[in-house]
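Student: below: sequence and its predicted model.
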Amino acid sequence: MSRIYLDHAATTPPDARVLEAMWPAYTRYWGNPSSIYLEGQEARRVVDDARKTCANLLGVTPKEIVFTSGGTESANAAIRGAAFAQRDRGHGDHIVTTQVEHHAVLHTVEQLEREGFRATYLPVDADGVVSLAALEAAVGPGTSVVSIMAANNEVGTIQPIAEAVRVAKARNPRVVVHSDAVQGAGAIDITPSKLGVDLLGIAAHKLYGPKGAGLLYVRNRTPWSPMILGGSQEKERRAGTENVAGIAGLAAAMRLGWEERDDRVRHASQLRDRLLHGLPERIPDTVITGPADPAGRLPNSFSCCFRNVEGESVLLALDLADIAASSGSACTTGALEPSHVLTAMGIDRDLAHASLRLTVGKDNTDAEIDRVLDVLPGIVARLRALAG
Ligand SMILES: Cc1ncc(COP(=O)(O)O)c(C=O)c1O
């Protein structure tokens, strides 16, 4: 059997249909969309068509879409753009986010603190769900931005965004709400009008699309100012010659992701549930992290910690067995800090060091899951024996 890829939360293999949609942008429509002659007009049409596709899928208007270089840029642009625009309007300087956000959000908010903004990092419960009571207590007249992810990248927890928006806006109607929907896109309903959010980010490479392409939804009339300055691309909201092929790829990836969502979700949750039930059965002292109830987590997400094992060693052994997995945290180099997500969920540091994340995708098979269920118990037992 060839390699088994179980790290779809990190990135996904590009879909051949997405690559096909990108190819004309490299071979025929390679003009600069800002140029007025035919080559430019053709490239412009590719970008405009993609914008319409993305807007339709999200149920928003094309002018509310700003194309970016992916999830990190969308989060930076969303939070910084809203924080400064709100402060300029006298709408406060207090940012509320959660302790379990991706570093794209956390490091952005931390940097804003160094630049004079105030911040509150909301706690989560043992499943990783944000405390709405803490949100209600945190949002006040000086709160300008609230940023809560749609779903967590490490443990798959789905956040109650619509409820959070209601709570935050009831406390302060002027607050701008952002959701990092990089992991949620294609897996759960992230329609901005249903969530009630003002800003929402997506990355193509988590959806079988290209790396370096994404979008930020900016609701009409949201106080928000651009971060990347230069030319007048994206209606002066994101300067720089457009990544035409990447944008075409993002639109194709989103279209397929939305069209095939039900099938993908059914397939992923069936495989994931086998891990969720099968691994704790076969491996003693397996602690599932994130919601044990499958409905509370992303359909493709399995995560756990094994007592008395170094997570890093499990990953290396799995790699040797031709299985690509992740510890779930960005730090996969041994001695580093345990995951901020797991510690925020109250998991002790030792246990947090032994974390494993398996995220399945549309092309994984039952036979591949059989192989993991077969191989992993032996790996953990061997490492435990070595650790004495
Ligand atoms: C929840 C979340 N936000 C943001 C990002 C960053 O996205 P990108 O890699 O496109 O910059 C990731 C990527 O892992 C993510 O999982």
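Tutor: Yep, it's here.

Student: make it CA atoms for all contacts and neighbour counts henceforth
Tutor: Noted.

Student: so what pLDDT did F306 get?
Tutor: As predicted, F306 sits at a pLDDT of 95.

Student: need the contact list for it.
Tutor: 285-287, 351, 354-355, 380 (C-alpha atoms under 8 Å, 6 or more residues apart in numbering).

Student: so where is the stretch 201-350 of the chain shaky, pLDDT-wise?
Tutor: Scanning the stretch 201-350 of the chain for pLDDT under 70 picks out 330-336.

Student: rerun at 90
Tutor: Applying pLDDT under 90 to the stretch 201-350 of the chain picks out residues 292, 310-311, 327-337, 350.

Student: before we move on, back to that, let's have the contacts of F306 in CSV, adding distance to the ligand and neighbour count.
Tutor: CSV is the format used below for the contacts of F306 (distance: C-alpha to the nearest ligand atom, whole Å; neighbours: other C-alpha atoms under 10 Å):
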residue, distance to the ligand, neighbour count
D285, 27, 12
T286, 24, 17
V287, 22, 19
L351, 22, 20
A354, 20, 23
S355, 17, 30
V380, 26, 22
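
Student: which one of those is nearest V129?
Tutor: Nearest to V129 out of the contacts of F306 is V287 (C-alpha to C-alpha; 17.4 Å).

Student: following element in sequence after the strand or helix carrying the closest one, please.
Tutor: Assigned by DSSP states H and E, V287 falls within strand 286-288. Where DSSP H and E defines the elements, the next helix or strand beyond strand 286-288 is strand 301-306.

Student: for that following strand, list the C-alpha coordinates in PDB.
Tutor: C-alpha atoms of strand 301-306 as PDB (Å, rounded to 0.1, in the frame of the first residue of the first chain):
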ATOM      1  CA  SER A 301     -11.300  15.500  12.600                       C
ATOM      2  CA  PHE A 302     -10.000  13.000  15.100                       C
ATOM      3  CA  SER A 303      -7.600  14.000  17.900                       C
ATOM      4  CA  CYS A 304      -6.300  12.400  21.000                       C
ATOM      5  CA  CYS A 305      -3.500  12.100  23.500                       C
ATOM      6  CA  PHE A 306      -1.800   8.900  24.600                       C
END
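
Student: among the contacts of F306, which one sits closest to D127?
Tutor: Closest to D127, out of all of the contacts of F306 and judged by C-alpha to C-alpha, is V287, at 12.0 Å.

Student: partners of the strand holding V287, with directions?
Tutor: strand 301-306 (antiparallel) (DSSP bridges).

Student: just how off-centre is the strand it pairs with within its chain?
Tutor: Counting by C-alpha atoms, centre = their mean, to the nearest Å, strand 301-306 is centred 18 Å from the centre of its parent chain.
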